[in-house]
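# I would like the atomic coordinates for the input below:
(one chain, ligands or ions: 1)
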Amino acid sequence: MSRILIVEDEPNMRLGLRDNLEFEGYEVDFAEEGNSGLKKILENSYNLVLLDVMLPNMSGFDICKSARRNGITTPIILLTAKGEEIDKVLGLELGADDYITKPFSLRELLARIKAVLRRGELVSSNQVSEKTSTTVKIGKIDVCFSTYNAFSDGDQVQMSHKEFEILKFLYEHRNKTVSRDDLLKEIWGYEENPTTRTVDNFILKLRQKIEKDPNHPQIILTVHGIGYKLLES
Ligand code: CA
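Presented below is the predicted three-dimensional model:
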């Protein structure tokens, strides 16, 4: 049974989500404000976190950032309010896996939850079948996709769950062109949002971490009008 943590300060939203998710067969835990939310994420193990952005004491963004810095790879779906377009991109860059804008339908939320949980399972089963527990060298970093660790000259490189997934997908298709649409479909799992610009932002961040000179990339090349190609180093 998948265990979901809801971090949400509005009682109606929190209780409504809890009832509906329990009805769907999920085990649900919840926190009512930021500090206790982060504490629960750090101390317990969940399959998924639904994280409100505007929270008392600590914002959803700060919780997300802090969780990732502490090595927590649990998938996070942000609950954002309408008109927080910029915040969505920021949230993804801080390590969230997806976001959903309030007000949302239960049906839409359940679809997102299932997609994120399924991706998590795919990652784990791929890890077993492909024996990706070995470390591979990509540019200036050494990456282990099964433990979500990356090192540069022995120092840990901070990378979000999403950045690992994108890098892994590019690596699995190395020396071939991967389109932005392929990445959106594979990594985000649905086609409406986010935009291809989001993909480009993630690629920029990855280049900062793996390229010797990010302004003149030698590893993740841009294929104009289509997408990207990762060259084996
Ligand atoms: Ca709130």
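# what residues does the protein put near the ion?
D9, D52, M54 (C-beta under 5 Å from the ion). Where C-beta positions appear, they are placed from N, C-alpha and C, glycine not excepted.
# hmm, which of those residues is lowest in pLDDT?
Within these, pLDDT reaches its minimum at M54, with 91.
# S66: how many residues sit nearby?
For S66, the count of nearby residues is 17 (other C-beta atoms under 10 Å).
# in this structure, what residue comes closest to the ion?
In the chain, no residue comes nearer to the ion than M54, which is 4.0 Å away by C-beta to the ion.
# what is the neighbour count of L221?
For L221, the count of nearby residues is 13 (other C-beta under 10 Å).
# residues touching it, list them.
Y228, K229, L230, L231 (C-beta atoms under 8 Å, 6 or more residues apart in numbering).
# what's the PyMOL line that selects buried ones from those?
Burial among the contacts of L221 is assessed by 16 or more other C-beta atoms under 10 Å; the matching PyMOL selection reads:
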select buried, resi 228+229+230
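# the contacts of L221 in strands, which ones?
Counted as lying in strands by DSSP state E, out of the contacts of L221, are Y228, K229, L230.
# show me what contacts the second one?
The one in question is K229. Residues near K229 by C-beta under 8 Å, 6+ apart: L170, N175, K176, T177, V178, I220, L221, V223.
# Serialize these to JSON lines and add fields for distance to C144, pLDDT and secondary structure.
Converted to JSON lines, those look like this (distance: C-beta to C-beta, whole Å; pLDDT from 0 to 100; DSSP: H, G, I helix; E, B strand; the rest coil):
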{"residue": "L170", "distance to C144": "16", "pLDDT": "94", "secondary structure": "helix"}
{"residue": "N175", "distance to C144": "21", "pLDDT": "91", "secondary structure": "coil"}
{"residue": "K176", "distance to C144": "23", "pLDDT": "92", "secondary structure": "coil"}
{"residue": "T177", "distance to C144": "26", "pLDDT": "94", "secondary structure": "strand"}
{"residue": "V178", "distance to C144": "21", "pLDDT": "94", "secondary structure": "strand"}
{"residue": "I220", "distance to C144": "19", "pLDDT": "96", "secondary structure": "strand"}
{"residue": "L221", "distance to C144": "24", "pLDDT": "95", "secondary structure": "strand"}
{"residue": "V223", "distance to C144": "27", "pLDDT": "94", "secondary structure": "strand"}
